[in-house]
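In: generate coordinates for the sequence data below:
(chains A, B and C)
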Amino acid sequence: MDAKELRGIKGVVAAAALFIIFFGVFSSFLQLEGNVARGISEEYNKLAYKMAPNNLASWVYDYRAIDTLLETGVIYVGAVVSVLVLGRGLVRLKVPEEDEIVKVTGMDLKTETMPVLLKYFALPVVILLIAYGLLVVLEAPTSGGGGFQCGVIVSSAYLLSVIIYGKKSPFEIKKKTLVALGAFGWGLYVLMGLPGYLTTGYWQYNVGSDLWSWLSSFPGEVPEILKTVFGEPFKLALQLKEGVFYATSGILPIINIGEAFNVIGAICLIFFAFIYGWSDPEEEKLE
Amino acid sequence: MMLFPLALGEVTLTVVAFILGVALGTQLRSNLSRRTTLLILAMSVVAAFLFEAPIHYSSVLGGVFFEHITFSLKFISATIGLLIGKSFAKGGIQ
Amino acid sequence: MIEISLQLLGFIAATVLVVVGIAGMLYLDNLIKKLIAFTLLSDGVNLALVSLGYVQGGIVPILEPDASIFEFPNEAALIFGPGIVLTNIVIGVSTTAILAALIVVLYRRYGSLKASKVLKGDRE
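Out: Modelled structure (predicted):
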């Protein structure tokens, strides 16, 4: 249907339908509001207030890991499906004849005519963007960051680099590397459910990480200097009104790094498939 | 804000940022001039000042120098890691 | 009588976004415009979830130094909604990618982005 067809009675009916939808959706949103407990769940704060560095991590404690696992699965499936849809020769429902296929020319990217500002500042910006992505993923336990945000930032750096420099992109990742990154991230993520399963019986349960006690069981003692400098990894001190509490976010930082790798792989793969059509520049040379 | 004697895991993330930076930096293929490298480092220091250290960090090793002057050392170490990792990558464009 | 708060305004804006999204998906012919309308709809749902956690005079739900454990849960905004939104954004990105890929394939096949032509099976 085209918007131009909506004249006369059709338009009135369309507008009336939109009004009905508006009030239906609005009333359902308002009903949602009454059914939600206010504030942070007190239960979590009572159970886990000595452990959670922020309350994102507190409600997250038993829920976020499995939730984010599904998230990583979704993004990976999305990448794989769009690559399959766009890929050459992988999925063809019905082979169209040669003259029926619309020829799509690639993006015209000329680095010679690039403005000087872009030419000299794009690469520093790309490097700083990757560093920012790493910052976001590593501050995940104490802020609103996380693996997905890091993945999107790094893959936007990848897209920026590809769009500005074209095929001479300095941040060029081969598709095998991308697939490996995604698979490595997901694998790391799934395996991090194992410590929780072994200790509590629940998959992806967030267990505190006390690395030094693990290491001391190995032959050779950990030097005191290392313990002093590194403290306990991922452990933080919370200065609250009731006193100083020591908090560890457990396996969440490692889980977030795994998710970040997965999302970098998946989203760069989507961009890759849209830009190059699932064919490396090197493969084209061979052809 | 009191300074804790122990760096409670505040160094760990800086080291992890460095390692991840080296890992991702090996995918960068470009030759940077010394001036551009210095520019990137200076910009990363400025950005680290803007991002600040997280509120739960309280030691110099975590990036807190004074009460209102805090640097996000993770950002700087990630940038240095990227620059070092880039030098491992073979070949260069530009 | 419902008190006019920021939350209510958030719900109204979310509803407007959802309705605009539905209208765009129903009444527009261009597939790319349909995709944009779809993202608007998903943004509307996200906005509704975020404004669900609004607390009048509340604080940012991050434990700052010198906060109290026992007062904090009652003052801070609800974090559950934004948590769900994170998941929703991921799903939205995946869906958008797949839809865009489908649109590219349809364009290669039919040489047009009009839904009416695609449905009829016309080829240019």
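In: give me the pLDDT value at residue 36.
Out: Using chain A here. In this model, residue A:36 is scored at 59, pLDDT.
In: let me rephrase: I mean chain B.
Out: Looking at residue B:36, its pLDDT stands at 88.
In: ok, residue B:18 next?
Out: Looking at residue B:18, its pLDDT stands at 93.
In: now it, what's its secondary structure?
Out: Going by DSSP: H, G, I helix; E, B strand; the rest coil, the secondary structure assigned to residue B:18 is helix.
In: any idea which element the closest residue to chain C within chain B lies in?
Out: Per CB to the nearest CB, residue B:55 is where chain B lies closest to chain C, at 5.8 Å. In short, each C-beta sits where N, CA and C put it, glycine included. Using DSSP states H and E, residue B:55 falls within no helix or strand.
In: tell me, how many residues neighbour it?
Out: 20 (other CB atoms under 10 Å in any protein chain shown).
In: what does residue B:33 give?
Out: When neighbours are counted by other CB under 10 Å, residue B:33 comes out with 10.
In: need the phi and psi values for it.
Out: phi -80, psi 160 (degrees, to the nearest 10).
In: give me the pLDDT for it.
Out: With respect to pLDDT, residue B:33 has a value of 85.
In: next: residue A:41.
Out: pLDDT recorded at residue A:41 is 50.
In: check residue A:153 too.
Out: Looking at residue A:153, the pLDDT reads 89.
In: what segments of chain A are helices?
Out: For chain A, helices defined by DSSP state H occupy the ranges A:9-34, A:42-48, A:55-86, A:116-138, A:147-165, A:175-191, A:193-200, A:211-216, A:224-230, A:252-276, A:281-286.
In: rebuild those helices as CSV, extending it with mean neighbour count and distance to chain C.
Out: Converted to CSV, those look like this (neighbours: other CB atoms under 10 Å in any protein chain shown; distance: least, CB to the nearest CB, whole Å):
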stretch, mean neighbour count, distance to chain C
helix A:9-34, 14, 4
helix A:42-48, 16, 5
helix A:55-86, 21, 3
helix A:116-138, 22, 13
helix A:147-165, 23, 6
helix A:175-191, 18, 13
helix A:193-200, 14, 18
helix A:211-216, 12, 24
helix A:224-230, 13, 23
helix A:252-276, 25, 5
helix A:281-286, 9, 18
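In: looking at those helices, which is closest to residue C:19?
Out: Closest to residue C:19 of the helices of chain A, according to CB to CB: helix A:9-34, at 4.8 Å.
In: which elements pack onto the closest one?
Out: Contacts defined by 3 or more CB pairs under 8 Å, 6 or more residues apart in numbering or on different chains; DSSP states H and E place helix A:9-34 against helix C:6-27, helix C:31-52.
In: of all these, which lies closest to residue A:259?
Out: Nearest of these (CB to CB): helix C:31-52, 19.6 Å.
In: looking at chain B, which helix or strand does the model trust least?
Out: Least confident element among the helices and strands of chain B, by mean pLDDT, DSSP states H and E: helix B:10-25 (a mean of 88).
In: ugh, wrong one, chain C
Out: helix C:72-75 (a mean of 70).
In: what about the least confident helix or strand of chain B, near chain A?
Out: Yes: interface with chain A: helix B:10-25 contributes B:10, B:11, B:12, B:13, B:15, B:16, B:17, B:20, B:21, B:24, B:25 (CB under 8 Å from any CB of the partner chain).
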